[in-house]
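Enquirer: Need the 3D shape of this:
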Amino acid sequence: MVLCGIRIAQILFSDEAHFWLNCYVNKQNCRIWSEAHPQVYVETPLHPEKLTVWCALCVGGIIRPYFFKNVEGHNVTVNGDRYRAMITNFFIPELNNHDVQELWFQQDGATCHTARTTIDLLKDTFGDRLILRFGPVNWPPRSFDLIPLDYFLWGYVKSFVYADKPQTLDHLEGNIRRVIADIRPQMLEKVIENWTSRLDYIRASRGSHMPEIIFKCNATRLSFE
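Expert: Residues are numbered from 1 along each chain as shown. Coordinates of the predicted model:
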């Protein structure tokens with residue numbers, strides 16, 4: 001399939017995600033639900049320990065995950081400087097085994113991604129083969145349903161990494177690396193096939209919301225026989 005002259009197999013999709021040590025998923029600092037038993041409460045840490053992970057994938061495979069850490073080796077969240085350091089010291093060297101002249105790089109509209117210094121850095125490697133907000137090929141904002149890492153990878157990985165109840169961030173990091181390393185190209189082919197179905201619907205409907213049936217089909221087909 002071709003998108004605006006771009007072969008889908010040439011697109012390298014990327015994104016970051018948080019993995020909390022205690023499986024914490026709420027965006028709020030703390031939330032309590034106790035309709036049935038108002039006297040019951042649940043305590044949630046205000047600042048749970050977490051890993052911030054970056055990954056990139058294409059139909060042919062996944063670039064191994066990158067964990068954001070400071071110079072002391074402590075886990076940190078991503079900002080512009082750390083993102084650019086990741087591109088320079090990790091991502092670009094990882095591309096040595098790829099034909100970069102054939103690749104297009106996609107990222108979402110996070111501020112650290114769209115800073116001018118970040119885009120200039122990416123252009124040094126990809127030229128105008130960039131798919132991002134305000135980039136050579138514009139990427140629509142808030143389009144998580146069109147990013148394979150958001151609708152597949154992160155949920156898939158999180159469904160496995162907590163199975164043995166990791167008690168340390170190092171243990172959790174090891175689980176993340178193992179689960180991602182075990183994802184086979186055949187699985188990614190199905191993921192990208194589903195992506196093209198989503199794109200076809202968006203085109204035909206002129207950008208309307210995708211119906212629930214697409215997500216149900218996705219959940220069924222991405223059970224990965």
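
Enquirer: ok, longest helix in this protein?
Expert: The longest helix of the chain (DSSP state H) is helix 185-204.

Enquirer: pLDDT of that one, averaged?
Expert: Mean pLDDT, helix 185-204: 81.

Enquirer: And stretch 137-155, by the same measure?
Expert: 81.

Enquirer: Show the end-to-end separation of it, please.
Expert: 27 Å (CA to CA, to the nearest Å).

Enquirer: Tell me which residues of it come out buried.
Expert: By neighbour count on 16 or more other CB atoms under 10 Å, the buried set for stretch 137-155 is 137, 139, 145-154. (Glycine included, C-beta is placed from N, CA and C.)

Enquirer: can you put those residues in JSON lines and add distance to residue 127?
Expert: Listed next are the buried residues of stretch 137-155 as JSON lines, based on distance: CB to CB, whole Å:
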{"residue": "137", "distance to residue 127": "12"}
{"residue": "139", "distance to residue 127": "17"}
{"residue": "145", "distance to residue 127": "28"}
{"residue": "146", "distance to residue 127": "23"}
{"residue": "147", "distance to residue 127": "22"}
{"residue": "148", "distance to residue 127": "23"}
{"residue": "149", "distance to residue 127": "23"}
{"residue": "150", "distance to residue 127": "26"}
{"residue": "151", "distance to residue 127": "28"}
{"residue": "152", "distance to residue 127": "28"}
{"residue": "153", "distance to residue 127": "26"}
{"residue": "154", "distance to residue 127": "29"}
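
Enquirer: by contact count, what packs against the longest helix of the chain?
Expert: Where contact means 3 or more CB pairs under 8 Å, 6 or more residues apart in numbering; DSSP states H and E, helix 185-204 is packed against strand 50-58, strand 61-67, helix 148, helix 212-221.
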